[in-house]
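Undergrad: Quick one, structure for this:
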Amino acid sequence: MQLNIQNEYDPLEAVLVHRPGPEIDRLTHDNMVEYLFEDIPYLKRMQEEHDAFCETMRNQGIEVVYLEHLLAELLKDQPEAKKNLVETICTAENVPAIAPDLLDESKVSNDALLDILFTGLTVQEFQDFSGKRVPQTSPNGGMLFGPTPNSYFTRDPAVVVRESVISCKMHYVRRLRETIVTRSILEHHPKFAGHNITYGGSNSPTEDRPFTIEGGDIIILNEEAVLVGVSERTRSETIEVLAQKAFDVGKVKRFYEIPIPSERLFMHLDTVFTIVDHATVVWYPGVMEGIKSIMKFESGSPGEVVRKTEPRNLPKILSDEFGKEVTIIETAGGDEHYASREQRTDGTNVFAVGPRKVIGYDRNERTIAALNKAGIECLNIQGSELVRGLGGPRCMTMPLRRKHI
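TA: Predicted structure coming up:
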């Protein structure tokens with residue numbers, strides 16, 4: 001697998017996704033907020049919607065790669081990577097003592113382990129396969145470690161920038177396992193051999209918490225410039241560390257720090273801003289028109305990052321980086337009432353699969369109309385269940401390769 005992402009809109013050739021699975025059925029009224037859901041999705045319908053989404057991408061000639069398939073192959077074919085992954089997860093979940101039992105294939109098959117890594121593990125389930133009593137009472141509703149229902153948002157654990165990878169660090173502990181699993185696959189699966197993790201590799205403890213950053217906050221303008229949102233999930237301090245690593249390896253020359261409200265509804269930059277073609281963007285005016293205090297990071301002397309206040313506003317920055325005046329398409333065509341509604345259902349979070357061609361939720365009719373009016377082709381999908389995790393098509397994808405044109 002050749003990795004190469006130089007912008008947000010070149011024709012997509014390969015993408016990483018995760019089909020929602022039984023981890024969704026671990027959600028209850030009592031825990032759904034803890035796991036960052038607004039409601040409990042209907043899994044069967046959710047899977048149907050996700051399957052249709054993936055089929056839409058395949059119909060565009062895109063290779064759709066499933067996270068769970070890669071993880072299954074790693075567990076089966078890479079015993080050392082499997083051991084390291086399970087031990088790392090158990091340590092992160094504060095249950096290191098159960099790692100030997102999870103690694104004992106006479107007790108837990110690789111298929112069963114695959115399920116556990118997504119759905120979590122209850123005390124009773126552990127006792128059933130191990131024959132052991134758990135020495136302490138689980139504080140997590142009878143679970144030794146919980147599910148990862150947000151795994152279908154593959155955008156957040158890692159991002160490809162040019163030929164390198166940024167391994168992200170999740171803000172919420174409930175999503176930390178997604179980072180660990182994705183990083184393990186990128187580091188050890190032969191499909192990704194020969195590629196470097198520029199930031200956040202397993203051998204880089206100084207880049208761990210509290211330096212949180214999530215993929216939804218990272219937007220690639222061109223091969224030299226990246227926008228990073230400072231949001232509910234991404235810290236300004238992280239951007240400076242990330243910029244230094246990127247500058248050191250010659251990837252990217254400019255980072256722009258874009259502050260957005262630290263609110264759940266605007267959890268990532270890509271919930272209020274996406275790029276659909278060269279010099280054409282979609283944004284939610286209720287947030288983006290209020291952007292102030294943009295910071296710019298550039299390389300100084302060796303090992304130094306120069307951080308300074310950017311005097312230009314965002315439209316001017318975008319126009320300069322694109323080399324032409326930027327066209328801004330407003331969520332719901334700028335209608336304040338419907339923009340608020342369609343922001344809540346990820347109308348702005350469209351996913352470009354090629355120049356002037358995007359995938360979005362069909363329910364966001366006014367945003368679709370505004371896109372169509374601007375000459376953007378919309379490949380619309382149903383998302384009534386998928387949207388319950390507060391994420392759209394861009395959130396559900398980790399682009400691996402685009403054809404640079």
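Undergrad: Any idea how many residues pack against residue 332?
TA: Applying the criterion other Cβ atoms under 10 Å, we find 24 residues in the vicinity of residue 332. C-beta coordinates here come from the backbone N, C-alpha and C atoms, glycine included.
Undergrad: give the contact list for it.
TA: Taking Cβ atoms under 8 Å, 6 or more residues apart in numbering as the definition of contact, the neighbours of residue 332 are 338-339, 341-342, 347, 364, 366-367, 370.
Undergrad: Quick check on the residues you listed: which are buried?
TA: Neighbour-count burial within these applies to 338-339, 342, 347, 364, 366-367, 370; the criterion is 16 or more other Cβ atoms under 10 Å.
Undergrad: If you count contacts, what does the strand or helix carrying residue 100 end up packed against?
TA: In this structure, residue 100 sits in helix 99-103 according to DSSP states H and E. Secondary-structure packing of helix 99-103 (3 or more Cβ pairs under 8 Å, 6 or more residues apart in numbering; DSSP states H and E): helix 79-92, helix 123-130.
Undergrad: Could you rerun that using 6 Å?
TA: Taking 3 or more Cβ pairs under 6 Å, 6 or more residues apart in numbering; DSSP states H and E as contact, the helices and strands that helix 99-103 lies on are helix 79-92.
Undergrad: For the helix it packs on, give me every contacting residue.
TA: Residues outside helix 79-92 that contact it (Cβ atoms under 6 Å, 6 or more residues apart in numbering): 74-75, 96, 98-99, 102-103, 176-177, 180, 184, 188.
Undergrad: Rounded mean pLDDT for it, please.
TA: Confidence for helix 79-92, expressed as mean pLDDT, is 96.
Undergrad: out of the contacts of helix 79-92, what pair is the most spread apart?
TA: Farthest apart among the contacts of helix 79-92 by Cβ to Cβ are 98 and 188. That separation is 21.9 Å.
Undergrad: about what we covered before: any quick PyMOL command for the buried ones out of the contacts of helix 79-92?
TA: To isolate the buried subset of the contacts of helix 79-92 in PyMOL, counting by 16+ other Cβ under 10 Å, use the following:
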select buried, resi 74+75+98+99+102+103+176+177+180+184+188
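Undergrad: and which of the contacts of helix 79-92 is nearest residue 268?
TA: After measuring the contacts of helix 79-92 against residue 268 - Cβ to Cβ - the closest member comes out as residue 176, at 16.9 Å.
Undergrad: Quick check: the closest one is in a helix.
TA: Yes: the assignment for residue 176 (DSSP: H, G, I helix; E, B strand; the rest coil) places it in a helix.
Undergrad: Let me see the confidence value for the residue nearest to it when sequence neighbours are not counted.
TA: When the adjacent residues along the chain are set aside, residue 176 lies closest to residue 170, with 5.3 Å between them (Cβ to Cβ, 6 or more residues apart in numbering). Residue 170 carries a pLDDT value of 91.
Undergrad: and residue 170, how many neighbours?
TA: Residue neighbour count, defined by other Cβ under 10 Å, stands at 21 for residue 170.
Undergrad: Roughly how far does it sit from residue 235?
TA: 12 Å (Cβ to Cβ, to the nearest Å).
Undergrad: what do you get for residue 153?
TA: With distances taken as Cβ to Cβ, residue 153 is found 19 Å from residue 235.
Undergrad: neighbour count winner among those two?
TA: Neighbours were counted for residue 153 and for residue 235 using other Cβ under 10 Å; residue 153 has more, 27 against 17.
Undergrad: In this structure that one contacts residue 390, no?
TA: No: in this structure, residue 153 is not within contact of residue 390 by Cβ atoms under 6 Å, at 9.1 Å.
Undergrad: wait, residue 394 sits on residue 351?
TA: Yes: the pair residue 394 and residue 351 passes the contact test of Cβ under 6 Å, sitting 4.2 Å apart.
Undergrad: So for those two, which residues contact both of them?
TA: Common neighbours of residue 394 and residue 351 (criterion: Cβ under 6 Å, 6+ apart): none identified.
Undergrad: any chance of the contacts of residue 332 in a markdown table, plus distance to residue 219, secondary structure and pLDDT?
TA: Written out in a markdown table, the entries for the contacts of residue 332 read as follows (distance: Cβ to Cβ, whole Å; DSSP: H, G, I helix; E, B strand; the rest coil; pLDDT from 0 to 100):
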| residue | distance to residue 219 | secondary structure | pLDDT |
| --- | --- | --- | --- |
| 338 | 24 | helix | 96 |
| 339 | 20 | helix | 95 |
| 341 | 24 | helix | 95 |
| 342 | 20 | helix | 96 |
| 347 | 17 | coil | 96 |
| 364 | 20 | coil | 97 |
| 366 | 23 | helix | 98 |
| 367 | 18 | helix | 98 |
| 370 | 20 | helix | 98 |
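Undergrad: Among those residues, which pair sits farthest apart?
TA: The span of the contacts of residue 332, defined through Cβ to Cβ, is set by 341 and 370 at 13.8 Å.
Undergrad: So residue 107 sits against residue 129, correct?
TA: Yes: counting by Cβ under 6 Å, residue 107 touches residue 129, with 5.0 Å between them.
Undergrad: Next, the buried residues of stretch 240-250.
TA: If you call a residue buried by 16+ other Cβ under 10 Å, then stretch 240-250 has these buried ones: 240-247.
Undergrad: Which helix or strand contains residue 282?
TA: Here residue 282 is assigned to strand 280-283, by DSSP H and E.
Undergrad: pull the CA atoms of the helix or strand following that strand into PDB?
TA: Moving toward the C-terminus from strand 280-283, the next helix or strand (DSSP H and E) is helix 285-288. Coordinates of each C-alpha in helix 285-288 appear next as PDB, following Å, rounded to 0.1, in the frame of the first residue of the first chain:
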ATOM      1  CA  PRO A 285     -20.700  30.500   9.200                       C
ATOM      2  CA  GLY A 286     -21.900  30.400  12.800                       C
ATOM      3  CA  VAL A 287     -18.300  29.400  13.800                       C
ATOM      4  CA  MET A 288     -16.000  30.100  10.900                       C
END
